[in-house]
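Asker: Pasting the sequence and the predicted coordinates here, then a few questions.
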Amino acid sequence: MGAAVAVSGFPAPGAPEIAFLGRSNVGKSSLLNRLVQRKALARISSTPGKTRLLHWYRVTREDGELWLVDLPGYGYAKVAREERRKWQGVVESYLGARETLRLAVLLQDLRRDVSDDETLLLEWLDARGVPALVAFTKCDKLKPMRRAARVRELRGQLCLPAARVVPTSAEKGLGIAELWEAIAAHL
C-alpha cells in the first residue's frame, strides 16, 4: 500500500492501475474492501471527505498483480476551497498522465441523479483516452424492479452502453464478479 498527496509522492509506475473515483460518501472504500474481500483494507468513514490522499492498494490475482487506486471524493462542501483545488490538480495529473492507468471506475450512487460533475468527468476522461466505466453503488437499497429501471435511467443520463455500467452493492456483494470481469478486460 502507498499514499500520496502530491505527484512527487506517486509510486514508480509498474503493475497496471485501476482508479476508483466518485462523489464523497459514494462507497469507494466499501467497494474496494469488497473487491479484495477484506474489511479494513480501505478505511471507511461515515464522514464525507475523509479520503484526502490517493491510496494505492496492491492486489495479487491468478492473472497477475495490479494496483487499485482510491482517489479523494469530490463534491463535499465542507472542505476548504484551496484544499479542493489542490486535490483536483493532483487527481487530474494522475488521471491525465499516469502511464500504468488502465481503467477509471466512476462510482455513482444508484439512488442519486447524475450531476454535471459525473458527466463532465466522463467527458474529460474520454478526451484524454482514459477508458472508464460506471459502477452504480448501493444497489441493494432499491427493490429489484426499481433497481433495473434506475440503472436504465441513469445509463441514459450518462449516454453509456450497458457494457460500460456495472450495478454493485458492497454490502451484499452484488455485481462484484461482474466488476472484476470488466477490470480484467482492461489489464
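Answerer: All right, it came through fine.
Asker: quick one: contacts for residue 94?
Answerer: Contact analysis of residue 94 by C-beta atoms under 8 Å, 6 or more residues apart in numbering lists 7, 10, 19, 54, 69, 71, 101. For every residue, glycine as well, the C-beta is placed using N, CA and C.
Asker: which element follows the longest helix belonging to the chain toward the C-terminus?
Answerer: Scanning the chain for the longest helix, with DSSP state H as the assignment, gives helix 81-97. Helices and strands here follow DSSP states H and E; after helix 81-97, the next one along the chain is strand 101-109.
Asker: So which bits of whatever helix or strand comes next after that next one are buried?
Answerer: Using DSSP H and E, the helix or strand that follows strand 101-109 towards the C-terminus is helix 116-127. Residues of helix 116-127 classed as buried: 118, 121-122, 125 (neighbour count, 16 or more other C-beta atoms under 10 Å).
Asker: Need the CA coordinates for helix 116-127. CSV is fine.
Answerer: Extracted in CSV, the C-alpha atoms of helix 116-127 (Å, rounded to 0.1, in the frame of the first residue of the first chain):
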residue,chain,number,x,y,z
ASP,A,116,-22.8,17.7,-14.2
ASP,A,117,-19.7,16.6,-12.2
GLU,A,118,-20.1,13.0,-13.4
THR,A,119,-21.0,13.9,-17.0
LEU,A,120,-18.0,16.3,-17.2
LEU,A,121,-15.7,13.8,-15.6
LEU,A,122,-16.6,11.1,-18.1
GLU,A,123,-16.1,13.6,-21.0
TRP,A,124,-12.8,14.6,-19.5
LEU,A,125,-11.6,11.0,-19.3
ASP,A,126,-12.8,10.2,-22.8
ALA,A,127,-11.0,13.3,-24.2
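Asker: which residues sit against it?
Answerer: So helix 116-127 is contacted by 21, 23, 74-75, 95, 104, 106, 108, 131-132, 134, 157-158, 160 (C-beta under 8 Å, 6+ apart).
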